[in-house]
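# Provided below for reference: sequence and predicted model.
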Amino acid sequence: MKKCSLTSVLSSCFIVAFLGLATLMPAVPAKGATPEQEDAERIADLVLANHIIADQGVVDGFGHISVRSAKNPNHYFISRSRAPALVSADDIMEYDLDDHPIDARGRASYLERFIHSEIYKARPDVQSVIHSHSPAVIPFGVSDVPLRPISHMGGFLIRQVPVFEIREAGGNETDMLIRSKALGAALAKKLGNGTVVLMRGHGNTVIGQSIKTAVFHAIYTELNARLQAEALRLGGKITFLNEVEAGKIGEQNDKLVDRPWEIWKNQALSHAQQR
Ligand code: MN
């Protein structure tokens, strides 16, 4: 088989390599996988993750997910500017952390890619980033009611989720988009060591130590927001998870992401076939 460079991995070489890997390797690369094999796995999971977050209603025509390169941790992979539900392996581009595409081949970039690069720079532990306009979180970004962990599955929120106010970093006359390094860095700073940052009047950004964990965080942030809004409508006092409960649950759930991933994957594939 011909040698796969990172630039050719997205073309026919990728398909040959991936089909070979898919039959030989489990979904999680075996110990001893080369960084090139690990990146092929990450790209395959990235394509699937695009379909899952679309199928689960976290993203629509907008929003994006990226993954850090295993071969070169100062690079990351993300689709060209395209609706997540339609993303295929040929759409995946590689960028350095200054957001220069390695081999653009005429493909357009997401305007808000700075979200991804600046979080990868600030957080060496982060392997995957999702930015979405996740609808249920919007009210918590524009009101003074903080988003907090209300259910077992939202434990990773730990405590009150920070809200990024773009006027503080970019003034009163932006188009709300994270379209520069400076805005990306300000957003990463607001995220801090957390898992989720809300963006006032815009959406949110979530991180994970793997693609599957980031997808889990994105889906359950949306669900937690819906449940909290329901509890607020009931009136009365709401009891949230305390930090110890949330921390213990978050740690436990992060180990179980393969279980929901399998069903989300099956649902996304079956819905794609019905279209
Ligand atoms: Mn956006």
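Sure, I can see it.
# mind listing the helices for the chain?
12-24, 35-55, 114-122, 138-142, 166-170, 181-191, 211-234, 243-254, 258-274 (DSSP state H).
# helices and strands around the longest one, which ones?
Read it as helix 211-234. helix 35-55, strand 64-68, strand 128-132, helix 138-142, strand 203-208, helix 243-254, helix 258-274 (3 or more C-beta pairs under 8 Å, 6 or more residues apart in numbering; DSSP states H and E). All C-beta atoms are positioned from the backbone trio N, CA, C, and that covers glycine.
# do the same with the second one
The elements that helix 35-55 packs onto, with contact taken as 3+ C-beta pairs under 8 Å, 6+ apart, are helix 12-24, strand 64-68, strand 75-79, strand 92-96, strand 128-132, helix 211-234, helix 258-274.
# save the helices and strands packed on helix 211-234 as a markdown table, and put in mean neighbour count, mean pLDDT and distance to residue 159 too.
Formatted as a markdown table, those follow (neighbours: other C-beta atoms under 10 Å; pLDDT from 0 to 100; distance: least, C-beta to C-beta, whole Å):
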| stretch | mean neighbour count | mean pLDDT | distance to residue 159 |
| --- | --- | --- | --- |
| helix 35-55 | 22 | 97 | 24 |
| strand 64-68 | 27 | 98 | 25 |
| strand 128-132 | 28 | 98 | 20 |
| helix 138-142 | 18 | 98 | 14 |
| strand 203-208 | 27 | 98 | 15 |
| helix 243-254 | 15 | 89 | 6 |
| helix 258-274 | 13 | 93 | 23 |
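# need the ones you listed in CSV with distance to residue 224, can you?
CSV is the format used below for the helices and strands packed on helix 211-234 (distance: least, C-beta to C-beta, whole Å):
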stretch, distance to residue 224
helix 35-55, 16
strand 64-68, 19
strand 128-132, 14
helix 138-142, 10
strand 203-208, 11
helix 243-254, 11
helix 258-274, 14
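# out of those, which gets nearest to residue 108?
strand 64-68 (12.4 Å; C-beta to C-beta).
# could you list every helix and strand in contact with the closest one?
Applying 3+ C-beta pairs under 8 Å, 6+ apart, one finds that strand 64-68 contacts helix 35-55, strand 75-79, helix 114-122, strand 128-132, helix 211-234.
# dump the helices of the chain to JSON lines, plus distance to residue 128.
Formatted as JSON lines, these follow (distance: least, C-beta to C-beta, whole Å):
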{"stretch": "helix 12-24", "distance to residue 128": "19"}
{"stretch": "helix 35-55", "distance to residue 128": "8"}
{"stretch": "helix 114-122", "distance to residue 128": "9"}
{"stretch": "helix 138-142", "distance to residue 128": "22"}
{"stretch": "helix 166-170", "distance to residue 128": "23"}
{"stretch": "helix 181-191", "distance to residue 128": "14"}
{"stretch": "helix 211-234", "distance to residue 128": "4"}
{"stretch": "helix 243-254", "distance to residue 128": "13"}
{"stretch": "helix 258-274", "distance to residue 128": "13"}
